[in-house]
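Trainee: Sequence first, then the predicted structure:
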Amino acid sequence: MTRLLAVIAAVIVTAAAALTAFGATVDPAPRPAHPVDPPALIDSVRRPATRAAVEQAATRVAVRYALAARNWSARTARAAWRRQQVLAGGRLRRQLTRTRPTRAQVVALEAERGSQLAVTVGTPRPQVTGRRAVVLVELAERAATRGRAVTYRTRNRAALTRTPSGWRVTGWTVLPMSEPAR
């Protein structure tokens, strides 16, 4: 297990070095634009809503999931994992349930002083059809380990399904920056 954690730490450091070599800059930590506490899910199923309200509700859940997935430190890793579970549904939720951060992983993060911080920089209009939605969430991110940090941007595709209790993220994909958005 320790060997696995060492490999994970090495991958993070290597990725940070590679991003720096390709022009990523080291900046102070960006501040989250949205609260990262587990939200009360918006229930657009029980009450009539305009198309804009449905799109906004799906986007809000996708952004909250993105921030839960990408904002963590050793101290907050388990809470971030729980926030993701609250917002997830279907196969993604089952996968998250199986991958709870272990004590050894948290200890390794503490030893490496690992952290990740992201802020939303864009959310183009989502694609909503019936009970399904696809939302793109663009993030400015900062990954840090052992006092070194690298900043970069990511585009993330969230697939959502509307349930009786609100929108749930059922798929999450980090897109290469060169891949077409839709």
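Mentor: Received the coordinates, thanks. Numbers count the residues shown, from 1 in each chain.

Trainee: Count the residues that sit near residue 174.
Mentor: 12 (other CB atoms under 10 Å). To be clear about C-beta, it is placed using only N, CA and C from the backbone, and glycine gets the same treatment.

Trainee: surely it meets residue 156?
Mentor: Yes: Residue 174 lies in contact with residue 156 (CB atoms under 8 Å); the separation is 5.4 Å.

Trainee: So what are the sheet partners of the longest strand seen in the chain and their directions?
Mentor: For the chain, the strand that runs over the most residues, judged by DSSP state E, is strand 148-163. Paired with strand 148-163 in the same sheet, following DSSP bridges, are strand 132-145 (antiparallel), strand 166-175 (antiparallel).

Trainee: any chance of those strands in CSV, plus mean pLDDT and distance to residue 120?
Mentor: Formatted as CSV, those follow (pLDDT from 0 to 100; distance: least, CB to CB, whole Å):
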stretch, mean pLDDT, distance to residue 120
strand 132-145, 94, 6
strand 166-175, 95, 15
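
Trainee: Can you say which of those strands is packed in most?
Mentor: Ranked by mean neighbour count, the strands paired with strand 148-163 are led by strand 132-145 with a mean of 20 (mean count of other CB atoms under 10 Å).

Trainee: what secondary structure does residue 68 sit in?
Mentor: Secondary structure state of residue 68, per DSSP: H, G, I helix; E, B strand; the rest coil, is helix.

Trainee: Tell me, what's the model's pLDDT at it?
Mentor: Note on residue 68: pLDDT of 95.

Trainee: What separation do you get for the nearest residue to residue 114 once chain neighbours are set aside and residue 127?
Mentor: Residue nearest to residue 114 in three dimensions, not counting chain neighbours: residue 145, with 4.7 Å by CB to CB, 6 or more residues apart in numbering. Counting by CB to CB, to the nearest Å, the gap from residue 145 to residue 127 is 36 Å.

Trainee: Now do residue 73: how many residues are near it, please.
Mentor: For residue 73, using other CB under 10 Å, the count is 17.

Trainee: ugh, wrong one, residue 56
Mentor: Neighbours of residue 56 (other CB under 10 Å): 16.

Trainee: partner residues bridging residue 115?
Mentor: residue 73, residue 144.

Trainee: okay, now it: neighbour count?
Mentor: 19.

Trainee: ok, it - contacts?
Mentor: Listed by CB atoms under 8 Å, 6 or more residues apart in numbering, the contact set of residue 115 reads 72, 73, 74, 109, 143, 144, 145.

Trainee: ranges for the helices of this structure?
Mentor: All helices of the chain, identified by DSSP state H, fall at 2-21, 51-70, 77-87, 90-98, 103-112.

Trainee: Which other helices and strands does the second one contact?
Mentor: Read it as helix 51-70. helix 77-87, strand 115-122, strand 127-129, strand 132-145, strand 148-163, strand 166-175 (3 or more CB pairs under 8 Å, 6 or more residues apart in numbering; DSSP states H and E).
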